[in-house]
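Colleague: below are the sequence and a predicted model; questions follow.
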Amino acid sequence: MEFLVTMTTRVPEGTSDEQVAQVKADEAENSARLAQQRRLLRLWRPPLGPGEWRSIGLFTADDADDLERTLAAMPLRIWRSDEVAALGPHPNDPPQVSDEDQDSAEFLTVFHVAPPEDAAPSGAAARAEYERADAEEAERAGDLARAGHLVRLWKLEPAAAEPGVKRALGLWRAADADVLQPILRSLPLDPWMRTDITPLTRHPSDPGHSAP
């Protein structure tokens, strides 16, 4: 199984710089070991606010308990809280994408897709239009993957606050956010979709990129 983990670290006041440096060094060594074991696949930094220290990791594990054992053994866990999202296979997840364009910016997107209700006025016609778009989505996703923009796609569990809304997580590459926006709007399901975008920067311990 694959999991997306948002890791937020808060170093207690009074912690010495030497201790922080040692724990960070231990964390980097542990991340390299997890990458060799294929338990840590990717590691990014999201935008940070004042005083924030966060990273986002893509992990593999047998199940949630196995993942927790991995996270609990990471050196920074003594100061860190983790938010875990279980990822399911998506039918439009592309094959392995080349790293030729690895210098492009990367982005995570969460798609919130709200299919039309059959009981609504013109429900049958709206549903038929939605189903046509849903069928075209796979072809468009394949085109964007071959162009190097769509890297991965997963299913997310529905959110309790959004009954009836389907969710998916995407990893994308583009020159910048302005280039990504029209790419996302070109998706056939865009009229039924709200999209949250998180720009990512490279983490020094990311196993998914070769060193510059």
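Modeller: Sure thing, it's come through. Residues are numbered from 1 along each chain as shown.
Colleague: name the residues that touch the host helix or strand of residue 44?
Modeller: Following DSSP states H and E, one finds residue 44 within strand 40-45. With contacts defined as Cβ atoms under 8 Å, 6 or more residues apart in numbering, strand 40-45 is touched by 2, 31, 34-35, 54-60, 106, 108, 171, 200-203, 205-208. Where C-beta positions appear, they are placed from N, C-alpha and C, glycine not excepted.
Colleague: just checking, which of those belong to helices?
Modeller: Of the positions in the contacts of strand 40-45, 31, 34-35 sit in helices, assigned by DSSP state H.
Colleague: list buried residues within those.
Modeller: Among these, those buried by neighbour count (16 or more other Cβ atoms under 10 Å) are 31, 34-35.
Colleague: list the contacts for the closest residue to residue 54 other than its chain neighbours?
Modeller: Distances taken as Cβ to Cβ, 6 or more residues apart in numbering put residue 8 closest to residue 54, at 5.0 Å, once the chain neighbours are dropped. Residue 8 sits next to 52-54, 80-83 when contact means Cβ under 8 Å, 6+ apart.
Colleague: one more pass at 10 Å, please.
Modeller: Applying Cβ atoms under 10 Å, 6 or more residues apart in numbering to residue 8 gives the contacts 52-55, 79-83.
Colleague: ok, now residue 183?
Modeller: Residue 183 is in contact with 107, 140, 144, 147, 149-150, 172-174, counting by Cβ under 10 Å, 6+ apart.
Colleague: now, which of those residues sits nearest residue 128?
Modeller: The nearest member of those to residue 128, counting by Cβ to Cβ, is residue 140 at 18.6 Å.
Colleague: what's the strand or helix carrying that closest one packed up against?
Modeller: Taking DSSP H and E as the definition, residue 140 sits inside helix 123-146. Secondary-structure packing of helix 123-146 (3 or more Cβ pairs under 10 Å, 6 or more residues apart in numbering; DSSP states H and E): strand 105-113, strand 150-156, strand 166-174, helix 177-185.
Colleague: now that helix: average pLDDT?
Modeller: For helix 123-146, mean pLDDT rounds to 91.
Colleague: how far off centre is the helix or strand of the chain with the lowest mean pLDDT?
Modeller: Least confident element among the helices and strands of the chain, by mean pLDDT, DSSP states H and E: helix 123-146 (a mean of 91). Centroid separation between helix 123-146 and its chain, computed with Cα atoms, centre = their mean, to the nearest Å, is 22 Å.
Colleague: doesn't residue 52 lie inside a helix?
Modeller: No. Secondary structure of residue 52 (DSSP: H, G, I helix; E, B strand; the rest coil): coil, not part of a helix.
Colleague: doesn't residue 9 make contact with it?
Modeller: Yes. Residue 52 lies in contact with residue 9 (Cβ atoms under 10 Å); the separation is 8.8 Å.
Colleague: before we move on, back to that, how about the buried ones among the ones in helices among the contacts of strand 40-45 in CSV, adding pLDDT?
Modeller: Below are these laid out as CSV (pLDDT from 0 to 100):
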residue, pLDDT
31, 96
34, 97
35, 96
